[in-house]
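Chemist: what's the 3D shape of this:
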Amino acid sequence: VEETELDDVRAKVWSYALDQRVFGPRKLLVAFTEANGQLRVLAHANRTDHPLLSLEACLDYLGEGAAAAVAFCDEPVADGPPSRHFLERFEQARELARTFGVHLVDWFACDDDRFRAARLMTLTMDEQPDWWDVS
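Modeler: Next up is the predicted model:
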C-alpha cells in the first residue's frame, strides 16, 4: 500500500477534522496510529447519545495494537471556550482508551461550520509541540 501525506495523522490532524463528515452525519471517526503518528487504521461508528459508547465500539473492533488515537466526533460546536462537559468527556474517553491499551491524544468536535479540539489550540503544529503526548 502506497503511503500518502495523510498517513501522518500527527501532522495532518486538521485535515482529518475537516474531512470527518465524509463518513456521513452523526458519526464518530477514530484514527488509530503508531506512536509516531503513522496511521494504522480508521474506524467509524454511528455517534450515539453517549459518544463514549461509539468510541468503545471503535476501540474494541479496530484499536488492538495501536499506540495512539485521535477521535473526531460529529457533534454541535458552540462559540466560546470548550465547555466543562466537553473537557470532562475527553478525560473519560482517555480513561476508556487506556483500558484498551491506547493513548487518546485528542478529541475533535466537528459540525457543519466549526470544529474544536480538547487539547490542540493552534492551527500551526509547531506552536504546540507537546500536543502529541505519546511516549
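
Chemist: which parts of the chain are strands?
Modeler: Listed in chain order, the strands of the chain (DSSP state E) span 27-33, 39-46, 68-74, 103-110, 115-117.

Chemist: I'd like these as JSON lines, with mean neighbour count and mean pLDDT appended.
Modeler: Placement of C-beta: from N, CA and C, glycine included. What follows is the strands of the chain, written out as JSON lines (neighbours: other CB atoms under 10 Å; pLDDT from 0 to 100):
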{"stretch": "strand 27-33", "mean neighbour count": "24", "mean pLDDT": "97"}
{"stretch": "strand 39-46", "mean neighbour count": "18", "mean pLDDT": "96"}
{"stretch": "strand 68-74", "mean neighbour count": "26", "mean pLDDT": "97"}
{"stretch": "strand 103-110", "mean neighbour count": "24", "mean pLDDT": "97"}
{"stretch": "strand 115-117", "mean neighbour count": "20", "mean pLDDT": "93"}
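
Chemist: Serialize the ones you listed to CSV and add fields for distance to Gly80.
Modeler: Listed next are the strands of the chain as CSV, based on distance: least, CB to CB, whole Å:
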stretch, distance to Gly80
strand 27-33, 23
strand 39-46, 28
strand 68-74, 18
strand 103-110, 13
strand 115-117, 10
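
Chemist: tell me which of those sits nearest to Thr124.
Modeler: strand 115-117 (13.4 Å; CB to CB).
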